[in-house]
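Colleague: everything below, folded, please.
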Amino acid sequence: MNHPENIKAMNWFLDPIGTALSKAINTRMCPQLTDSDFIKYGIMKVLLEGKSGRDFVQKMRMTYLATNLSVSLFFKSLASVRREKLTNEVAEELRQIVDAKILGTPGADPLEQHPELKGYAVYATDGHSHSASAHEPFRFGKRYPVTHIYSINLRTHTSAHNVLLQPEENRKKEHEIKALKRMVIKAMRMNEPTGTKVIQVYDPAVTDYPQWHRWKQGSSIYVITMEKSNAVWISKSNQPFNGEDERNNGVLSDEKVCSSSGFTMRRIKYRDPVTCKIYSFLTNVMTLPPGLIAFLYFLRWNIEKMFDEFKNSLDEKKAWTGQESGKIQQAQFMSMTHNLMLLAEHELKYEHNIVDEKVQKKRRKALLLMQEKAQQAGRAFNCLVAGCQRATKRSLQFIRWLRYCLAPSTLLDKALDLLPILMLEYLA
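Modeller: You can find the predicted model right below:
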């Protein structure tokens, strides 16, 4: 893409928000703080370094010329239910924009090479907590962490906030499966179109076999998880699998099992070629190759890396507010920031030929060590792991560069000139 001369780097990074906002219905004229500014300020609060709301507002006024912003105005907006609805809309529209961009690029989807996955959308989903704000109400004499459930699209790596956990008055916390059950089906399907099957890869906290049955039968939602150590199953039959398919290297068994309550599942045992550790996966996906099931669970690690990005790279370790609307909007701003970084990274790679070489080198080195360890043990390395080269998080040098891009005086051409050297190696 040829950018207009003298375009500001800030506009290049944040302009997709305008496209997403143009499709929203929960907009309103607010002269004090426009919807556009509010959404952009929320993203900048995630991306810029700052230890408090006052720190952020002062920085915005002094460095980023946001003279219309005040602490009370920003946090009053976070408390608005209307703004919450708007933020939810914009976050979902932005996710759809980034998904379309990535899926429209040949080779960008690491799962497209598997024809068995045609017609499936695949997500990793999990809960993530950060500490409570100073305004969080006390329960049982203390302030408890705030927990949200997020999803990550394993085809595109985009993030979505699903639900805020809401403990009942007599409970310290809400179980994740209970929160998932109260999600509307459209949200649990990640707004995928009718006819698309949705796989949710989750840790064992999702275990609820009657609920799995309801999701599958009524909504084409499937689950892949790890078997709990205390689970009791009755083996019904061994499933034959293609041992010549190298994707199935490491698979020890593939069988149908039955629970005491009569639910039939598929159990796959897999030995990791590097550690020799044996894993046992449970799923109600009955048709995919067993090695591919194991690989999809391996990709669940992508969401843990995103949480690490939230916590350590973006320093989002604490809730901004004690109000429910503000908590949800913070989570949406975190997802939007992640998705904007993905989109920027994608454009830099495919339109400017700038890639994060240092991250790729680190990934290749780690893969080589794992391959050597498997070879020394006389085991074939997992070809699916070897072929998946996508970065699972953005480097801090890239994030610092994006922060530089947000300065009002930074032009994109100048910023692009500074980036390649930051992508070659870590600063000494």
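
Colleague: need the residues that contact the helix or strand of the chain with the lowest mean pLDDT.
Modeller: Ranked by mean pLDDT, DSSP states H and E, the weakest helix or strand in the chain is helix 383-387, scoring a mean of 86. Applying Cβ atoms under 8 Å, 6 or more residues apart in numbering, the contact partners of helix 383-387 are 110, 113, 246-247, 249, 291-292, 295, 298, 367, 370-371. The way it works is simple: take the backbone N, C-alpha and C, and place the C-beta from them, glycine included.

Colleague: just the buried residues from those residues, in PyMOL please.
Modeller: Command for PyMOL that selects the buried part of these, burial taken from 16 or more other Cβ atoms under 10 Å:
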select buried, resi 110+247+249+291+292+295+298+367+370+371
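
Colleague: so which of the contacts of helix 383-387 comes closest to Thr19?
Modeller: Nearest to Thr19 out of these is Pro110 (Cβ to Cβ; 26.0 Å).

Colleague: now the closest one, nearest residue through space, not along the chain?
Modeller: Closest residue to Pro110 apart from its sequence neighbours, by Cβ to Cβ, 6 or more residues apart in numbering: Cys388 at 5.2 Å.

Colleague: quick one: pLDDT of the one you found?
Modeller: Confidence at Cys388, expressed as pLDDT, is 81.

Colleague: next, count neighbours for it.
Modeller: 17 (other Cβ atoms under 10 Å).

Colleague: so it makes contact with Gln113?
Modeller: No - shown here, Cys388 and Gln113 do not form a contact pair, counting by Cβ atoms under 8 Å, at 10.1 Å.

Colleague: and the helix or strand containing Arg364, what does it pack onto?
Modeller: Assigned by DSSP states H and E, Arg364 falls within helix 357-376. Contacts defined by 3 or more Cβ pairs under 8 Å, 6 or more residues apart in numbering; DSSP states H and E place helix 357-376 against helix 383-387, helix 412-424.

Colleague: in the stretch 251-400 of the chain, which ranges drop under the pLDDT threshold?
Modeller: By pLDDT under 70, the stretch 251-400 of the chain has no low-scoring segment.

Colleague: go again using 90 as the cut-off
Modeller: For the stretch 251-400 of the chain, the stretches with pLDDT under 90 are 259-262, 362-364, 377-383, 385-393.

Colleague: mind listing the helices for it?
Modeller: Per DSSP state H, counting those that start in this stretch, the stretch 251-400 of the chain carries helices over the ranges 290-298, 301-308, 324-352, 357-376, 383-387, 396-405.

Colleague: so what are the sheet partners of the strand ranked longest in the chain and their directions?
Modeller: Longest strand of the chain, by residue count under DSSP state E: strand 120-130. Its sheet considered, strand 120-130 pairs with strand 146-153 (antiparallel), strand 197-201 (parallel) by DSSP bridges.

Colleague: now do the helix or strand following the last one, average pLDDT.
Modeller: In the C-terminal direction, the helix or strand that comes right after strand 197-201 (DSSP H and E) is helix 209-219. For helix 209-219, the mean pLDDT works out to 94.

Colleague: now the helix or strand immediately after helix 209-219 in the chain - C-alpha only, PDB.
Modeller: As assigned by DSSP H and E, the chain's next helix or strand after helix 209-219 is strand 221-226. Provided in PDB are the C-alpha atoms of strand 221-226 (Å, rounded to 0.1, in the frame of the first residue of the first chain):
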ATOM      1  CA  ILE A 221     -19.900 -26.100  19.200                       C
ATOM      2  CA  TYR A 222     -17.300 -28.700  19.900                       C
ATOM      3  CA  VAL A 223     -14.700 -28.900  22.700                       C
ATOM      4  CA  ILE A 224     -11.100 -30.100  23.000                       C
ATOM      5  CA  THR A 225      -9.600 -30.400  26.400                       C
ATOM      6  CA  MET A 226      -7.200 -32.400  28.600                       C
END
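
Colleague: could you name the helices and strands sitting against strand 221-226?
Modeller: For strand 221-226, the helices and strands in contact under the criterion 3+ Cβ pairs under 8 Å, 6+ apart are strand 197-201, helix 209-219, strand 278-283, helix 290-298.

Colleague: kindly recompute the last result at 6 Å.
Modeller: Packing partners of strand 221-226 (3 or more Cβ pairs under 6 Å, 6 or more residues apart in numbering; DSSP states H and E): strand 197-201, helix 209-219.

Colleague: so the shortest one versus helix 301-308, what angle?
Modeller: Think strand 197-201. Strand 197-201 and helix 301-308 are oriented at 60 degrees to each other (axes from the mean of the first three to the mean of the last three Cα atoms, to 10 degrees).

Colleague: CA atoms only: put strand 197-201 into PDB for me.
Modeller: Presented in PDB, the C-alpha positions along strand 197-201 are these (Å, rounded to 0.1, in the frame of the first residue of the first chain):
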ATOM      1  CA  LYS A 197     -18.600 -25.600  13.100                       C
ATOM      2  CA  VAL A 198     -16.900 -24.000  16.100                       C
ATOM      3  CA  ILE A 199     -14.200 -25.800  18.100                       C
ATOM      4  CA  GLN A 200     -13.400 -24.400  21.500                       C
ATOM      5  CA  VAL A 201     -10.000 -25.500  22.900                       C
END
